[in-house]
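In: Sequence and computational prediction follow.
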Amino acid sequence: MSAPGAGGGDGAHDARGARDASSAPSAPSARGGGPGFAPVRVLPAGPHALLVELADGEHAEAFHAELLRRRERGELPAVREIVPAARTVLLDGIHDGTGERTPGERASGARERFARDLASWRVEPPQREGREPVEIPVVYDGPDLDEVAALWGVPAGEVAALHSRTAFRVAFCGFAPGFGYLTGLPEPLHVPRRTTPRTRVPAGAVALAGPYTGVYPRPSPGGWQIVGRMPDPGALWDPAREPAALLAPGTPVRFVAVGAGNGGAGALPAPRAGDFPAGRARAGDSPVGS
């Protein structure tokens, strides 16, 4: 994945899909849509995957949710991974173990049938079920706080109030294990990435770029505007916990302003297996452009 400051991770699936599509002409692209949404585009991505291109983030969220619902009901073919991104959903590991053909021929046939099926889906807008948000404590003292305040046209002291009043949702995950791309800020509060990325952003940094907010789970390069820090970022990714990631696609999130001496203990509930749909970081969706 690309990192959050050097370049964006948003188009990683798209670029990879375009390359793979040119090398796998046997699986034709297909188009479909849903109520209120533009048609989707389904492309081959390598020998066992499909890349579904959607109109925007809301469409991608709705399509991802529909895939999870159908998989839960046993209505999908065998798919190893379902990975949402900004405007795409990647379905990898599509298998078909029937028939007398070679494994490659079976997989190709299954993929073509699945692509046509996906293009015919009618997907409803995402349903916002009443799940309790994960609360993340933040000390709003970031090095880019004044710049963000200027871009927003407010005093620096109002950034925390505006940001913490926003209802966020994890659109997709990427860049590093535990990193979620959170949407929710209205368009007037979208900010550009820094002109010069930092070579090192500390773990726990709460940063903004474009429509997204993210919390860095570990130190890395990054170019997002840092407005604060999470006192104890270890909760974002804990390999000893199941699931390891605190944030997964669809998770509602609320930031809670705390003082510099408050670690925010107790603000973060440990996630339970099955609470959230599975979401996995991929090397092409990083926030270095973050």
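Out: Yes, it's here. Numbers count the residues shown, from 1 in each chain.

In: In contact with the most centrally placed residue in the chain, which residues are there?
Out: For the chain, the residue nearest the mean C-alpha position is Phe172 (1.2 Å; CA atoms, centre = their mean). The neighbours of Phe172, taking CB atoms under 8 Å, 6 or more residues apart in numbering as the test, are Ala60, His64, Val83, Pro84, Ala85, Ala86, Gly180, Tyr181, Pro249, Gly279, Asp285. Yep, even glycine has a C-beta here, placed from its N, CA and C like the rest.

In: partner residues bridging the fourth one?
Out: According to DSSP bridges, Val89 are recorded as the beta-bridge partners of Pro84.

In: Give the ranges of residues in the stretch 151-290 of the chain that sit below the confidence cut-off.
Out: The model of the stretch 151-290 of the chain has pLDDT under 70 over residues 261-290.

In: can we see that at 90?
Out: 174-177, 242-243, 248-250, 259-290 (pLDDT under 90).

In: ranges for the strands of it?
Out: With DSSP state E, counting those that start in this stretch as the criterion, the stretch 151-290 of the chain has strands at 168-173, 180-183, 198-201, 205-209, 212-215, 220-222, 225-229, 252-257.

In: want to try a markdown table for the ones you listed, with distance to Ala244 as columns?
Out: As requested, these are exported to a markdown table (distance: least, CB to CB, whole Å):
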| stretch | distance to Ala244 |
| --- | --- |
| strand 168-173 | 11 |
| strand 180-183 | 13 |
| strand 198-201 | 21 |
| strand 205-209 | 20 |
| strand 212-215 | 15 |
| strand 220-222 | 18 |
| strand 225-229 | 22 |
| strand 252-257 | 17 |
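
In: just to revisit the earlier point, out of the contacts of Phe172, which end up buried?
Out: Ala60, His64, Val83, Pro84, Ala85, Ala86, Gly180, Tyr181, Pro249, Gly279, Asp285 (16 or more other CB atoms under 10 Å).

In: ok, the closest residue to the first one other than its chain neighbours - contacts?
Out: To tie it back to what came earlier, the one meant is Ala60. Spatial nearest neighbour of Ala60, excluding adjacent residues (CB to CB, 6 or more residues apart in numbering): Leu54 at 4.3 Å. If you count contacts by CB under 8 Å, 6+ apart, Leu54 has them with Phe37, Val40, Ala60, Phe63, Arg87, Thr88, Val89.

In: can you rerun that using 7 Å?
Out: Listed by CB atoms under 7 Å, 6 or more residues apart in numbering, the contact set of Leu54 reads Val40, Ala60, Phe63, Arg87, Thr88.

In: One more: Gly57?
Out: By CB under 7 Å, 6+ apart, the residues touching Gly57 are Ala86, Arg87, Ala171, Thr183.

In: And those residues, which two are furthest apart?
Out: Farthest-apart pair in these is Arg87 and Thr183; separation 12.1 Å (CB to CB).

In: okay, the buried ones among the contacts of Phe172 in CSV with distance to Leu208 next?
Out: As requested, these are exported to CSV (distance: CB to CB, whole Å):
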residue, distance to Leu208
Ala60, 20
His64, 23
Val83, 24
Pro84, 21
Ala85, 19
Ala86, 15
Gly180, 14
Tyr181, 11
Pro249, 19
Gly279, 21
Asp285, 17
